[in-house]
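Student: Kindly generate the corresponding structure for this input.
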Amino acid sequence: MPAKKPFVLRLDPEILRAVEKWASDEFRSTNGQLEWIVARALKEAGRLKQK
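Tutor: Model prediction:
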């Protein structure tokens, strides 16, 4: 698995609460949920190379 690059992400508190709730509902960490959301958006936009 490739190394992950840490970075700071600022979110509106309401958005963060919604992501935290969504993550909890799907038994993921908040970070894992954000990674899943970004990956899904990139795939849908055709911007992520297929493996």
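Student: so what secondary structure elements neighbour the longest helix along the chain?
Tutor: Across the chain, the longest stretch assigned as helix under DSSP state H is helix 30-44. With contacts defined as 3 or more Cβ pairs under 8 Å, 6 or more residues apart in numbering; DSSP states H and E, the packing partners of helix 30-44 are helix 13-25. To be clear about C-beta, it is placed using only N, CA and C from the backbone, and glycine gets the same treatment.
Student: G32 and V19, how far apart?
Tutor: G32 sits at a distance of 11 Å from V19 (criterion: Cβ to Cβ, to the nearest Å).
Student: between those two, who's got more neighbours?
Tutor: Residue environment comparison for G32 versus V19 gives the larger neighbour count to V19, 17 against 12, counting by other Cβ atoms under 10 Å.
Student: which residues sit in contact with the more buried one?
Tutor: Listed by Cβ atoms under 8 Å, 6 or more residues apart in numbering, the contact partners of V19 are L11, T30, Q33, L34, I37.
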